[in-house]
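Enquirer: please find the sequence and the predicted model below.
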Amino acid sequence: MTVSASPEAPPVLRRTALRHLAGVDRLAMVGAVLLALIVLAALLAPLIAPYPDDGGSATHPLDALLPPSGAHWFGTDQVGRDVLSRVLYGARTSLLIAVAVLVISGVVGVVLGVVAGYAGGWVRDVIMRVTDVFLAFPALLLSLALAVVLQPSVTTVIVSIAVTWWPWYTRLTASVAASVSTRGFVDAARCLGVPAPVIAIRHVLPNSLTPVLVQLSLDGGGVILTAAALSYLGLGAHEPTSEWGLMVQQGQSLFTTDWWVVTFPGLAILVTAFAFNVLGEGLRARLAR
Amino acid sequence: MLRYLTRRLGQAVLVVAGVVVLTFVIMRLVPGDPAVAYAGPRASPAELAAARAQFGLDDSLPVQLWKYVRDLAGGNWGVSLHTRQPVRDDLFQAFPASLELVGAALIIAIVVGIPLGVGAARFKGKFPDLSIRVSSMLAVSIPVFWLALALQTVFASGLGWFPVAGEYDSALDKTSPLHVYTNITAVDALITGNWPILLSALAHLVLPALVIAAYPAGVIAQMTRASLIEESARDHARLERALGFGETSVLTRFALRPALNPVLSLIALVFAYSIVNGFLVEAVFNWPGLGRYAADSIRSLDTPSIAGVTLLVAVLYVVANLAVDLIQGVIDPRMRAR
């Protein structure tokens, strides 16, 4: 990558610590900054939203479908709620879903992966065949089938995506853990009589984590898109929750006449998924180097 | 090769068996009584009992699973609760339409994605590379249902360049009726020389196919770029440069073919993904494929139909993966050792 600082700048300044952290990829830096802004917006939504009550069930029938203006930057929706406020609150729902799915599937995936990788043999075979079955369903398909049979809610979205998401981490961790398990320090621990569970937790696990962590950050975008799709189909969050996919669904018949109702929530999904994707891609490229 | 083939086939059969069991389990989680859904809320107890018997709901779960597997193998995929037709017939109707859409989308994605990936690799680190990387990232990050709505609003409802929804103009059925062979409208129209319907079908295909193509085009461009950069750092590329070949020749004449191997397996993976992604697009463009069928089934809690769609797509995915592995096993003997 080329570094485009001015030629006069001393070399030290060209590479700040932050930039080093994400590799030198400027695109990944853009992703990190965007993501930080989105997290801030989600955390501070009650403080920075111009109409905090509009994140919920407030209605202002007289202000329905106002175009974007100084008072309502993103306009108002069919019941007069401020679209900007709802988009800000929607960041909370989307990030909550993303974090919950990644934590649940990450923990389940890593535990099973370490067991499979360290134990090997038939244990590994059984776990791997089970992941094969889950991986045979494209993620959205299995989530869709699950979300249909459960009641539509944010929890349903989290559960049904997590069920389809963990096998990837199991596979990844198992292959890393298997190679870590053949290393000298594991043999040494075994010779010293350290019990197998302790070896797995204290020695194999910490040394197998990095690739999974990178993959998790890469997958945030995928979770956000899948969650938005489920909500768009009416299988996820419901009124009065602010959720981007749901906002698009409820406004879709208005797209030709009142474009702002659909455009801004959609852009929010796009920007958030983009931020996750470029950041994760940068991290992966850095790790591969 | 034979050992590789049998081992890989055995794995695939095992996975399909697991898929059947998992689908069965999910469908048993449904709240409410499928018999009530079928017989209607005002059914008499006798009608309800008849419906329960018809669906075998009185048996124990293992017996139900066994009967389910036996029926599937015998070609009986159950009866849809909302169309009242055998699920297999419904799928047989809907699947070709989805295939048409996703096939068109993948062709667009390959034709656009591979040259973009080559371009990015050729100008690595320069402006064309950056803009291609950014646009391919945007393409994989865009919510399809939103892109579908946006294109439909602008190019169909707004500018009127393309039809708003549907597979072809059904008014043409009167003036030039379509003979159905494959159930893929564009193909049927082409082989029977039905030009009015072919033109109409192609015009209806453009917008939804473009929307579905966004994701695969993005990942194909990214994969081509990464794979090509890796390939062009190998010794053979150094030799070719030393022999005086220009950078473009090194990439396109020598590095591209080996670099496309991982892209090939990627295409099989995004195929099944695109079918499911297409569900959302079909809903927007009212395309008579699996997605619209699935959406209707979801609305009426029609479990046999949902199970049918789920099974069909999952099996398709397994078969696509198997096909890629076998092809690569033939091309590249190292794959067989895995």
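Expert: Thanks, I have it. Keep in mind that what you see is a predicted model, and the values were worked out from it rather than measured.

Enquirer: quick one: the helices in the stretch 151-289 of chain A, in order.
Expert: Remark: helices of the stretch 151-289 of chain A, listed N- to C-terminal, are A:154-180, A:184-191, A:196-198, A:205-207, A:209-232, A:244-251, A:260-288; assignment by DSSP state H, counting those that start in this stretch.

Enquirer: let me fix that: the stretch 101-250 of chain B
Expert: For the stretch 101-250 of chain B, the helices defined by DSSP H, counting those that start in this stretch cover B:127-141, B:144-151, B:172-175, B:185-191, B:195-231, B:235-242, B:247-249.

Enquirer: pull the helix or strand with minimum mean pLDDT from chain B.
Expert: Least confident helix or strand, chain B: helix B:34-39 with a mean of 67, by mean pLDDT, DSSP states H and E.

Enquirer: off-centre distance for the helix or strand following that helix?
Expert: If you walk from helix B:34-39 toward the C-terminus, the next helix or strand you reach (DSSP states H and E) is helix B:45-55. What separates the centre of helix B:45-55 from the centre of its chain is 37 Å, taken as C-alpha atoms, centre = their mean, to the nearest Å.

Enquirer: could you check how far A:Asp82 is from chain B?
Expert: Note on A:Asp82: its distance to chain B, by C-beta to the nearest C-beta, to the nearest Å, is 20 Å. (Each C-beta comes from the backbone N, C-alpha and C, glycine too.)

Enquirer: what about that residue, neighbour count?
Expert: When neighbours are defined as other C-beta atoms under 10 Å in any protein chain shown, A:Asp82 has 26 of them.

Enquirer: can you pull the contacts of it?
Expert: Residues in contact with A:Asp82, defined by C-beta atoms under 8 Å, 6 or more residues apart in numbering or on different chains, are A:Ala49, A:Pro50, A:Tyr51, A:Asp54, A:His72, A:Phe74, A:Thr76.

Enquirer: may I see these organised as CSV, with neighbour count and pLDDT added?
Expert: Converted to CSV, those look like this (neighbours: other C-beta atoms under 10 Å in any protein chain shown; pLDDT from 0 to 100):
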residue, neighbour count, pLDDT
A:Ala49, 20, 79
A:Pro50, 13, 82
A:Tyr51, 20, 78
A:Asp54, 27, 74
A:His72, 22, 81
A:Phe74, 23, 86
A:Thr76, 27, 83
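
Enquirer: contact residues of the stretch 51-200 of chain A facing chain B?
Expert: By the rule C-beta under 8 Å from any C-beta of the partner chain, the part of the stretch 51-200 of chain A lying against chain B is A:129-130, A:132-134, A:136-138, A:140-142, A:144-146, A:148-151.

Enquirer: in helices, which of those residues fall?
Expert: For those, membership in helices holds for A:129-130, A:132-134, A:140-142, A:144-146, A:148-149, with DSSP state H as the criterion.

Enquirer: can you tell if stretch B:231-243 touches chain A?
Expert: No. Using C-beta under 8 Å from any C-beta, stretch B:231-243 stays clear of chain A, with a minimum separation of 12.7 Å.

Enquirer: what sits up against that stretch?
Expert: Counting contacts by C-beta under 8 Å, 6+ apart, the residues outside stretch B:231-243 that touch it are B:Ala121, B:Glu247, B:Ser249, B:Val250, B:Leu251, B:Phe254, B:Ala255, B:Leu256, B:Pro258, B:Ala259.

Enquirer: residue 57: what secondary structure?
Expert: No chain in the question, so chain A it is. On the three-state scheme (DSSP: H, G, I helix; E, B strand; the rest coil), A:Ser57 is labelled coil.

Enquirer: um, chain B though
Expert: Looking at B:Leu57 with three-state DSSP, the answer is coil.

Enquirer: for it, what are phi and psi?
Expert: Comment: the main-chain dihedrals of B:Leu57 come out as phi -80, psi -10, following degrees, to the nearest 10.

Enquirer: returning to what we had before: need the helices of the stretch 151-289 of chain A in TSV with mean neighbour count and mean pLDDT, can you?
Expert: What follows is these, written out as TSV (neighbours: other C-beta under 10 Å; pLDDT from 0 to 100):
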stretch	mean neighbour count	mean pLDDT
helix A:154-180	22	89
helix A:184-191	13	83
helix A:196-198	11	80
helix A:205-207	15	83
helix A:209-232	23	88
helix A:244-251	25	88
helix A:260-288	22	87
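
Enquirer: surely A:Asp219 meets A:Gly106?
Expert: No. Counting by C-beta atoms under 8 Å, A:Asp219 sits too far from A:Gly106 to count as a contact (9.2 Å).

Enquirer: residues contacting the spatially closest residue to A:Leu279 that is not a sequence neighbour?
Expert: When the adjacent residues along the chain are set aside, A:Leu279 lies closest to A:Gly31, with 3.5 Å between them (C-beta to C-beta, 6 or more residues apart in numbering or on different chains). With C-beta under 8 Å, 6+ apart as the criterion, the residues that contact A:Gly31 are A:Phe274, A:Ala275, A:Phe276, A:Asn277, A:Val278, A:Leu279, A:Gly280, A:Glu281, A:Gly282.

Enquirer: farthest-separated two in those?
Expert: A:Phe274 and A:Gly282 (12.5 Å; C-beta to C-beta).

Enquirer: burial of B:Arg253, as a residue count?
Expert: A count of neighbours around B:Arg253, defined by other C-beta under 10 Å, yields 12.

Enquirer: A:Ala28 too?
Expert: A:Ala28 sits with 22 neighbouring residues when counted by other C-beta under 10 Å.

Enquirer: what's the helix or strand for it?
Expert: In this structure, A:Ala28 sits in helix A:26-48 according to DSSP H and E.

Enquirer: between helix A:209-232 and that helix, find me the angle.
Expert: Angle between the axes of helix A:26-48 and helix A:209-232 is 50 degrees (criterion: axes from the mean of the first three to the mean of the last three C-alpha atoms, to 10 degrees).

Enquirer: got the CA positions of helix A:26-48 in PDB?
Expert: This file holds the C-alpha atoms of helix A:26-48, laid out as PDB (Å, rounded to 0.1, in the frame of the first residue of the first chain):
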ATOM      1  CA  ARG A  26      -6.900   3.000   4.400                       C
ATOM      2  CA  LEU A  27     -10.200   1.300   3.400                       C
ATOM      3  CA  ALA A  28     -10.100  -0.700   6.600                       C
ATOM      4  CA  MET A  29      -9.500   2.500   8.500                       C
ATOM      5  CA  VAL A  30     -12.600   4.100   6.900                       C
ATOM      6  CA  GLY A  31     -14.500   1.000   8.000                       C
ATOM      7  CA  ALA A  32     -13.200   1.300  11.600                       C
ATOM      8  CA  VAL A  33     -14.200   5.000  11.800                       C
ATOM      9  CA  LEU A  34     -17.600   4.400  10.300                       C
ATOM     10  CA  LEU A  35     -18.300   1.600  12.700                       C
ATOM     11  CA  ALA A  36     -17.100   3.700  15.700                       C
ATOM     12  CA  LEU A  37     -19.600   6.400  14.600                       C
ATOM     13  CA  ILE A  38     -22.400   3.900  14.300                       C
ATOM     14  CA  VAL A  39     -21.700   2.400  17.700                       C
ATOM     15  CA  LEU A  40     -21.600   5.900  19.200                       C
ATOM     16  CA  ALA A  41     -24.900   6.700  17.500                       C
ATOM     17  CA  ALA A  42     -26.400   3.600  18.900                       C
ATOM     18  CA  LEU A  43     -25.200   4.200  22.400                       C
ATOM     19  CA  LEU A  44     -26.100   7.900  22.400                       C
ATOM     20  CA  ALA A  45     -29.400   7.600  20.500                       C
ATOM     21  CA  PRO A  46     -31.600   8.900  23.400                       C
ATOM     22  CA  LEU A  47     -29.400  11.900  23.700                       C
ATOM     23  CA  ILE A  48     -28.700  12.800  20.100                       C
END
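
Enquirer: pLDDT score assigned to residue 103?
Expert: Using chain A. On pLDDT, A:Val103 comes in at 95.

Enquirer: that's the wrong chain, I wanted chain B
Expert: pLDDT, B:Gly103: 92.
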